[in-house]
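K.L.:
Here you go, sequence then predicted model.
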Amino acid sequence: MAPTKEAQRMRRAAERKGKAEDQYRLGLLLYHGEEGLKQDKVAATQWFRKAAAKEHAGAQTVLGACYINGEGVEQNHAIAATWVIKATDQRAPGRSRAPRQTLPRRQGRGSRRRTGGGVVGERRRWWL
C-alpha cells in the first residue's frame, strides 16, 4: 500500500518546516506503520528525537519509552529517565497541562488517584 496523501503531506511538513508537532506525528505514523507507511521504529525514533530537542513533551515521553523498551534504539534506562524527566518538568503544576489535570477520575466519588507527594509524586502520577 502506498503512503496516503496525509502521510506524504506530514513528511513534507516535517522535513521543510521543521515544526516539532509535525515531526512528532510523522514519528508516530512510522512507529505504528500507519497511513500506508512501512513500520520503521529506527526512523520513528529519529523524528521523535528531533521533536524532543525542540521541547515537545509528547515526543520526549515517547522517546523515553523507546529507550526503556529498546525499540528503534539501544535500550538505555539512564537516557530514558532523562527524556521522561524533561517531559514531566514541562508538565509541572502551574502549566496548562499539569499532570493532575490529565489523570482520569475514578468511578464513584470522583476522587483522583493518589501516588505520593512532591515533585517525584507529580512525576510518578503523570507517568502512571
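P.N.:
Now that the structure is in, tell me what you want to look at.
K.L.:
check contacts around Leu28.
P.N.:
Counting by CB atoms under 8 Å, 6 or more residues apart in numbering, Leu28 touches 34, 44, 62. For the C-beta atoms, the positions are set from N, CA and C on the backbone; glycine is no exception.
K.L.:
how about these in TSV, adding neighbour count and secondary structure?
P.N.:
Shown next, in TSV, are these (neighbours: other CB atoms under 10 Å; DSSP: H, G, I helix; E, B strand; the rest coil):
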residue	neighbour count	secondary structure
Glu34	14	coil
Ala44	26	helix
Val62	25	helix
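K.L.:
so Ala59 sits right up against Asp22, yeah?
P.N.:
No - under the criterion of CB atoms under 8 Å, Ala59 is not in contact with Asp22, lying 10.9 Å apart.
K.L.:
Could you check which of those two has the larger neighbour count?
P.N.:
Ala59 (27 against 21; other CB atoms under 10 Å).
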